[in-house]
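Participant: Everything below, folded, please.
(one chain, ligands or ions: 1)
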Amino acid sequence: MTYKQNYNDIAMEERNKTLGEFIIENQKAFQYSSGELSRIINSIRLAAKVVNYKVNKAGLVDIIGAVGEQNIQGEEQQKLDVYANEVFIQTLINREIVCGIASEENDEFITVKGSDNSNNNKYVILMDPLDGSSNIDVNGSLGTIFSVFRRITPIGTPVTSEDFLQPGINQVAAGYVIYGTSTMLVYTTGHGVNGFTLNPAIGTFYLSHPNMKFPESGHIYSVNEGNYVHFPQGVKNYIKYCQREEEDRPYTSRYIGSLVSDFHRNMIKGGIYLYPTSSKAPKGKLRLLYECNPMAFIAEQAGGKATDGFGRIMEIQPTELHERVPFFCGNYDMVEKAEEFMAEGL
Ligand code: P6P
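Facilitator: Numbers count the residues shown, from 1 in each chain. Here you go, the predicted model:
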């Protein structure tokens, strides 16, 4: 038999490179390529597999249902939220690769010292360990979102809030895990976006979506229309524009209640995700540091756009760890059109 079998006969395991192989091949492209960033992605990979196992068993194991406490967001903490948070934090600490961790589930950031009690690690990571947890009890898809910065305070000193409160343009890596019909890790280090699908049978991620880009045009809009009456006039006008029977419209409305899932579908099929301000969420609901910035980095690397309705998300100077911002993200021209309505409809 010739070496070149029929491509489709070759199992993914043989035809697609693994995440590990991809990281090694692209090591030199990582900014400050000292291997630490690769090790961060590797630790995310391990934690994602552990969380994926629990997410898939959530219906069987007693980890469904709120743990009874509330996080700083005032949201009911689901057991899986707490579990995922602990898995990602412990995996990152054990690997001794970051000097600090901030999480949606923790009021304050965590200082991470080396086993020799040093502060010599160069990176901080910010994360939403389990995004869309309201979907847990209804078997909906969930996600993990992460954002990586190089610390800006002197190496060797304890990490400070300054290291976390950096504008999104300083990110050195960002990504998400989507726990859906399949589990994928999608991330960027500033050199394009690549998606890796987990083969749960052997616990290996394979490069299934190389160089991901938004399609030329999009026809999906994702927003919680239950809040319509509370939206700014510009958002109301944009939603009516999406629904009007003219040109390439009406668009399709799709909203899963999980940013990662809505974003992922829109990046593949073309669309826009909006979480505007409303009287119920005067600054919006989504958090700048560990939801909007990482998704904005990925969106821009995939040829899309991410704004707060008026300005680029990644140029916002954060002032507090859990600050919220309005979020418009997706196909470049769709976000631009929404911004036009925001400018008119003040
Ligand atoms: P609402 C999940 O809590 C989340 O942060 C995003 O993942 C999701 O898109 C949004 O909030 C859903 O919020 O108010 O529409 O239920």
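Participant: Contact residues of the chain facing the ligand?
Facilitator: Applying Cβ under 6 Å from any ligand atom, we find that the chain lies next to the ligand at 131-132, 134, 224, 257-259, 262, 285-286. C-beta here means a position set from N, CA and C on the backbone, and glycine is covered the same way.
Participant: now do 5 Å
Facilitator: Residues of the chain lying close to the ligand by Cβ under 5 Å from any ligand atom are 131-132, 224, 257-259.
Participant: any chance of those residues in TSV, plus secondary structure and distance to Asp248?
Facilitator: Shown next, in TSV, are the residues of the chain next to the ligand (DSSP: H, G, I helix; E, B strand; the rest coil; distance: Cβ to Cβ, whole Å):
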residue	secondary structure	distance to Asp248
Asp131	strand	30
Gly132	coil	29
Asn224	coil	24
Gly257	coil	26
Ser258	coil	27
Leu259	helix	25
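Participant: Mind picking the two most distant members of those residues?
Facilitator: By the measure Cβ to Cβ, Asp131 and Asn224 form the most distant pair in the residues of the chain next to the ligand, at 14.9 Å.
Participant: ok, those two, which is more surrounded?
Facilitator: Shown here are Asp131 and Asn224; by other Cβ atoms under 10 Å, Asp131 has more neighbours (28 against 14).
Participant: in stretch 183-193, what counts as buried?
Facilitator: For stretch 183-193, the neighbour count (16 or more other Cβ atoms under 10 Å) marks 183-189, 193 as buried.
Participant: Between the two ends of that stretch, how far is it?
Facilitator: When the termini of stretch 183-193 are compared using Cα to Cα, to the nearest Å, they are 16 Å apart.
Participant: SS state for the closest residue to Glu96 other than its chain neighbours?
Facilitator: Leaving aside its chain neighbours, Glu96 sits nearest to Gly114 (5.3 Å; criterion: Cβ to Cβ, 6 or more residues apart in numbering). Here Gly114 is recorded as coil under DSSP: H, G, I helix; E, B strand; the rest coil.
Participant: What of Ser147?
Facilitator: Per three-state DSSP, Ser147 ends up strand.
Participant: okay, it: pLDDT?
Facilitator: Reading off the confidence values, Ser147 has pLDDT 98.
Participant: who does it bridge with?
Facilitator: Note on Ser147: beta-bridge partners by DSSP bridges are Leu126, Ala174.
Participant: Relative to Phe297, how far out is it?
Facilitator: 7 Å (Cβ to Cβ, to the nearest Å).
Participant: Counting neighbours, go ahead and name the busier of the two.
Facilitator: Taking neighbours as other Cβ under 10 Å, Ser147 and Phe297 compare with Ser147 leading, 31 against 27.
Participant: who touches the more buried one in this structure?
Facilitator: 125-127, 168, 171, 173-174, 289-290, 293-294, 297 (Cβ atoms under 8 Å, 6 or more residues apart in numbering).
Participant: quick one on the thing from earlier: can you list residues touching both of Ser147 and Phe297?
Facilitator: Common neighbours of Ser147 and Phe297, using Cβ under 8 Å, 6+ apart, are 168, 171, 174.
Participant: who wins for neighbours among the residues you listed?
Facilitator: Ala174 (29 neighbours).
Participant: The residue lying closest to Cys329 once chain neighbours are set aside: helix or strand, and which one exactly?
Facilitator: By the measure of Cβ to Cβ, 6+ apart, the closest residue to Cys329 outside its immediate chain neighbours is Ala306, 4.2 Å from it. Using DSSP states H and E, Ala306 maps to strand 305-307.
Participant: Lowest mean pLDDT among the helices and strands of this protein, which one is it?
Facilitator: helix 12-15 (a mean of 58; mean pLDDT, DSSP states H and E).
Participant: going on from it, what's the next piece of helix or strand?
Facilitator: Assigned by DSSP H and E, the successor of helix 12-15 is helix 19-25.
Participant: Run through who's touching that next one.
Facilitator: Residues contacting helix 19-25 (Cβ under 8 Å, 6+ apart): 17, 38, 41-42, 45, 185, 194, 196, 204-207.
Participant: one more time with 10 Å
Facilitator: Contacts of helix 19-25 with the rest of the structure, by Cβ atoms under 10 Å, 6 or more residues apart in numbering, involve 16-18, 30, 35, 37-39, 41-42, 44-45, 185, 187, 189, 194, 196-198, 204-207, 210.
Participant: For His230, grab the count of nearby residues.
Facilitator: 15.
Participant: I'd say it and Thr277 touch.
Facilitator: Yes: between His230 and Thr277 there is a contact at 8.6 Å, judged by Cβ atoms under 10 Å.
Participant: How many residues are close by the residue nearest to Cys329?
Facilitator: For Ala306, the neighbour count with other Cβ under 10 Å is 24.
Participant: got it, and Pro129?
Facilitator: 27.
Participant: What of the one 5 residues further on?
Facilitator: Taking other Cβ under 10 Å as the neighbour definition, Ser134 ends up with a count of 13.
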